[in-house]
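Chemist: I'll drop the sequence and a predicted model, then ask my questions.
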Amino acid sequence: MTWTTPAELRSQVQKWYDRGILLAALAENGEEFPRRLNLRGPTSRDLGERFGEVRDWIANLQEGAKFYRIEWRRIRHRVLGANSVPAEVWVDSLEDALAMIGRRRQAERFSDLLATTAERLPELRPWLAKRPLRALELADDWMLLIDIVIWLRHHPRPAIYLRQVDLPGVDSKFIERHRGVLAELFDLVLPSAAVGADAGGVSGFCRRYGFRDKPVRVRLRLLDPDLALFPTATDQDITITADTFVALETAATRVFITENEINFLAFPPVKQGMVLFGSGYGFETLAGAAWLQKRELLYWGDIDTHGFAILDQFRAYFPNARSFLMDRETLLAHRLCWGAEPQPETRDLKRLTEEEQALYDDLRADRLGCRLRLEQEKIGFSWLQRALADLP
């Protein structure tokens, strides 16, 4: 049988619920009702050829009609005469729709959320109407979320860490866990002056709403004992905040950047040298240190397409930076160490030297081998030492 069954009618109402339509109607006082359900019924030909099946279908439809209303139409048949068959099915009220799929309890809880929100922070009612199912998921935490929104409205751009928000039942982990929904609620309630429009997303949450963010850190090693920051004979492996790094301006004149931690740790002594532990494609932190522009910068990355893409991006911040051990001679001398790059870069790069560009083109075109790469940590240590000795 291809005609609509009571189970299929319930499935349609369930889809209304899953799309948030039914709970949203609670916020709009049931204005969405009555609503018509899709119905596939028999034709006049079906009536003549399958009269018994049509009769059973009608009985089945009527039996399940506790929460919906059937509208009928007359079909005239040359043998059977005039007969009434269901033409349309309507759900007349929100209460009927909820009862039909057994969702009254959820609706009652959502109604409580609507009532409490209208009393404490009515500006959030539109969010509840738009995201009712998400609101139900958050029902146990909703009062605390309202507390946080009210607190921030009274303390705009507080310039404190999330840990310092002093509200009963609220800790930094709670706020971090709900950053996505809090951002939506804050944007509804806060004045535009209290929202940093240049920051967004989960990672930009603190900057957007004026909280202090966990400081970005820079890790460095001073390669010349004469430049030691501390009066000890130990390795000068130092991690400092980005703000401190910006103001550091050491006497180091040659600064290496490497993406591999072991390379960073094993980097040999260099007169007036410093090595920084890189951060992939993120160089904004280093760019804030204007004193770096006055230093000789040497970037050491993998010899693969992404290594050159990172070098290209590094030069967007430091145009005079040179590559180090990212040349064809180094690549060919380490054939036994070649590997495969999982997802090579193929876009054009605009900041490479002629030699770098030629090697990058060969790599992205697989002229030297399929997805060829030489990871920086696989370059022989003696090769590194000779390259340092050859520097002017």
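Modeler: Happy to help now that I have it.
Chemist: When you work out contacts or count neighbours from here on, use the C-alpha atoms and nothing else.
Modeler: Noted.
Chemist: Can you list the neighbours in contact with the helix or strand hosting residue 151?
Modeler: In the assignment (DSSP states H and E), residue 151 maps to helix 142-154. Helix 142-154 is contacted by residues 113, 117, 120-121, 135, 158, 167, 169-170, 182, 185-186, 189-190 when judged by CA atoms under 8 Å, 6 or more residues apart in numbering.
Chemist: ok, now with 7 Å
Modeler: 186, 190 (CA atoms under 7 Å, 6 or more residues apart in numbering).
Chemist: just checking, what packs against the helix or strand following it?
Modeler: Counting by DSSP H and E, the next helix or strand C-terminal to helix 142-154 is helix 172-177. Under the contact criterion of 3 or more CA pairs under 7 Å, 6 or more residues apart in numbering; DSSP states H and E, helix 172-177 touches no helix or strand at all.
Chemist: Tell me where the model's unsure across this protein.
Modeler: By pLDDT under 70, the low-scoring segments of the chain are 1, 30, 76-82, 279-282.
Chemist: buried set for the biggest helix by length in it?
Modeler: As assigned by DSSP state H, the longest helix anywhere in the chain is helix 104-120. Neighbour counts over helix 104-120 (16 or more other CA atoms under 10 Å) mark 104, 107, 110, 113-114, 116-117 as buried.
Chemist: Need these in CSV (columns: distance to residue 245).
Modeler: Listed next are these as CSV, based on distance: CA to CA, whole Å:
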residue, distance to residue 245
104, 59
107, 55
110, 51
113, 49
114, 50
116, 49
117, 47
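Chemist: ok, so of those, who is nearest residue 216?
Modeler: residue 117 (37.7 Å; CA to CA).
Chemist: Give me the contact list for stretch 5-19.
Modeler: For stretch 5-19, the external contacting residues (CA under 7 Å, 6+ apart) are 22, 37, 61, 64, 97, 100-101.
Chemist: please redo it, this time with the cut-off set to 8 Å
Modeler: Against stretch 5-19 from outside (CA under 8 Å, 6+ apart): 22-23, 37-38, 57, 60-61, 64, 97, 100-101, 133.
Chemist: by contact count, what packs against the longest helix of the chain?
Modeler: Contacts defined by 3 or more CA pairs under 8 Å, 6 or more residues apart in numbering; DSSP states H and E place helix 104-120 against helix 21-27, helix 94-100, helix 125-130, helix 132-137, helix 142-154.
Chemist: just to revisit the earlier point, what is the nearest of the contacts of stretch 5-19 to residue 345?
Modeler: Among the contacts of stretch 5-19, residue 133 lies closest to residue 345 (CA to CA), at 40.8 Å.
Chemist: now that closest one: how far from residue 28?
Modeler: 15 Å (CA to CA, to the nearest Å).
Chemist: Comparing these two, which shows the higher neighbour count?
Modeler: In this view residue 133 and residue 28 are compared by other CA atoms under 10 Å, and residue 133 has more residues nearby, 21 against 12.
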